[in-house]
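1. Build me a model:
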Amino acid sequence: MVLICILVVLVIVLLFIIKKLRRDLISVVLTEEEFSDSQFSKGKFNVLTYNIAGLPQGISAAKMPRRLSITEIGEKVGRFDFVNVQEDFNYNTAFYSLNTHAFRTDHKGKIPLGDGLNTLSNYPIVAYHRIPWRHCSGPDCWTVKGFSYVEIQLDHNVFIDVYNVHANSSDVARAARARRENLRQLAQYIHEHSQNKPVLVMGDFNAHYAYKRDNLHEFLVTTGLSDGWVQLVQKGTFPEIKPKFKAQDMLSLDNDSESLDKIFFRNSKNFQFIAQDYLVESEYFRNADGEPLSDHLAISMNFEWEWRGIDTE
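-> Now for the predicted structure:
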């Protein structure tokens, strides 16, 4: 009898030990370092930057009726994953009316209160800020122009910072001076808020490498950004400065032309942009009569991306 009791106790103890071992084996918890090193994500997306000429009819430089044109633009941009628009001033309701993006920034307002900047995305926008320029000149001072910042979530632990830019226009000396200060302000903000993070910067820079008064080279060196057009089309070669520079008509651009609308990007330690294609959208954004929907041609790029581990500031 005593022997039987001892055997029962031993069986109970053995079952308890086996159960505990099974629980421990099933619920193995990785350390943060082990979990991060085991993670890998990749994907692809396409992006667009477009000055949609949303100043009021009669003031806008675009020839086509603005409300109808901007409504059509809002629908057409739906094929792109991230879209930065500039001069989205007076027709935002029309712009958003047929648009299908799941995530869009709230409109700031018409001139003179709005900055004309909006970002549309197929991926969640988890943070958003608008920053006015400290320097402007001429008509650019009539409304609150500047740049905006959004943080976009690509995957569970994958985030990128996206900037939308509309710099001071005109190539007269005073305007160019204000524009140089715009880019310095933007570079400082990127340094302070996006250090060690993957960055995408798109917008209407109103600047050219070929113009001696512009400081695009300084901007790229300061921020560590790469120019999609220079990398993919120019094969790493920047345009030379032209002593008697004159900007090309914006609606006559092609892939070989330097546009004042630009797409820049920067990798981080854990995230890599793999630039695939660059395109001046000279045909897609036209109405049924073949007329351009804005006084600018949109610029698009395709990217693949890879992410390993967790990005930290």
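2. Against residue 42, how distant is residue 268?
-> Distance, residue 268 to residue 42, by Cβ to Cβ, to the nearest Å: 15 Å. The way it works is simple: take the backbone N, C-alpha and C, and place the C-beta from them, glycine included.
3. Look at these two and report which has more neighbours.
-> Using other Cβ atoms under 10 Å as the criterion, residue 268 and residue 42 rank with residue 268 on top: 20 against 14.
4. Helix, strand, or coil at residue 75?
-> helix (DSSP: H, G, I helix; E, B strand; the rest coil).
5. Let me know the pLDDT of the nearest residue to it once chain neighbours are set aside.
-> Leaving out its chain neighbours, the residue that sits closest to residue 75 by Cβ to Cβ, 6 or more residues apart in numbering is residue 98, at 4.0 Å. On the pLDDT scale, residue 98 is placed at 98.
6. same deal with residue 155?
-> At residue 155, pLDDT is 94.
7. and the residue nearest to residue 75, what is it in contact with?
-> 71-72, 74-75 (Cβ atoms under 8 Å, 6 or more residues apart in numbering).
8. From residue 243, how far out is it?
-> Distance of residue 98 to residue 243, computed by Cβ to Cβ: 46 Å.
9. Kindly report the same for residue 281.
-> From residue 281 to residue 243 the distance is 31 Å (Cβ to Cβ).
10. Show me which of these two is the more surrounded one.
-> Neighbours were counted for residue 281 and for residue 243 using other Cβ under 10 Å; residue 281 has more, 19 against 6.
11. And the more buried one, how far from residue 249?
-> Taking Cβ to Cβ, one finds residue 281 at 16 Å from residue 249.
12. Ok, residue 168 next?
-> Distance from residue 168 to residue 249, by Cβ to Cβ: 20 Å.
13. Looking at the two, which is more packed in?
-> A count of neighbours by other Cβ under 10 Å puts residue 168 above the other of residue 168 and residue 249, at 26 against 9.
14. That one belongs to a strand, doesn't it?
-> No - using three-state DSSP, the assignment for residue 168 is coil, not a strand.
15. Quickly note the distance from it to residue 255.
-> 26 Å.
16. Need the contact partners of the helix or strand harbouring residue 150.
-> Using DSSP states H and E, the element containing residue 150 is strand 146-155. Contact partners of strand 146-155, identified using Cβ under 8 Å, 6+ apart, comprise 41, 43, 45, 82, 105, 115, 117-119, 121, 123-133, 159-166, 182, 186, 189, 193, 203, 305, 307.
17. Quick check: what element follows the helix-or-strand element of the chain with minimal mean pLDDT along the chain?
-> Lowest by mean pLDDT, DSSP states H and E among the helices and strands of the chain is helix 32-37, with a mean of 34. Using DSSP H and E, the helix or strand that directly follows helix 32-37 along the chain is strand 40-51.
18. could you give me the average pLDDT of that next one?
-> On average, strand 40-51 scores 97.
19. strand partners of that strand, parallel vs antiparallel please.
-> Partner strands and pairing direction for strand 40-51 (DSSP bridges) are strand 82-86 (parallel), strand 298-308 (antiparallel).
20. Distance from the shortest one to the middle of the chain?
-> Computed by Cα atoms, centre = their mean, to the nearest Å, the separation of strand 82-86 from the middle of its chain amounts to 8 Å.
21. CA atoms only for it, dumped as CSV, please.
-> What follows is strand 82-86, C-alpha atoms only, in CSV (Å, rounded to 0.1, in the frame of the first residue of the first chain):
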residue,chain,number,x,y,z
PHE,A,82,1.8,58.7,-51.7
VAL,A,83,0.9,62.0,-53.2
ASN,A,84,2.2,65.5,-52.3
VAL,A,85,0.3,68.4,-53.8
GLN,A,86,1.1,72.1,-53.8
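22. Quick one: mean pLDDT over it.
-> 98.
23. next one: stretch 263-272
-> Mean predicted lDDT for stretch 263-272 stands at 98.
24. what about that stretch, how long is it end to end?
-> 16 Å (Cα to Cα, to the nearest Å).
25. who's in contact with the closest residue to residue 158 other than its chain neighbours?
-> Using Cβ to Cβ, 6+ apart and skipping the chain neighbours, the partner closest in space to residue 158 is residue 307 (4.8 Å). The contact partners of residue 307, taken as Cβ under 8 Å, 6+ apart, are 39-42, 154-155, 157-158, 270-272.
26. Can you name the residues bridging to residue 307?
-> residue 41, residue 271.
27. which one of the strands paired with strand 40-51 is the most hemmed in?
-> Most buried of the strands paired with strand 40-51 by mean neighbour count (mean count of other Cβ atoms under 10 Å) is strand 82-86; its value is a mean of 30.
28. Which residues does it contact?
-> 45-52, 77, 95, 101, 116-123, 152, 162, 164-166, 200, 202-204.
29. any weak-confidence spans in the stretch 201-313 of the chain?
-> 310-313 (pLDDT under 70).
30. Going along the chain, name the helices of the stretch 101-250 of the chain.
-> 173-193, 216-223, 228-232 (DSSP state H, counting those that start in this stretch).
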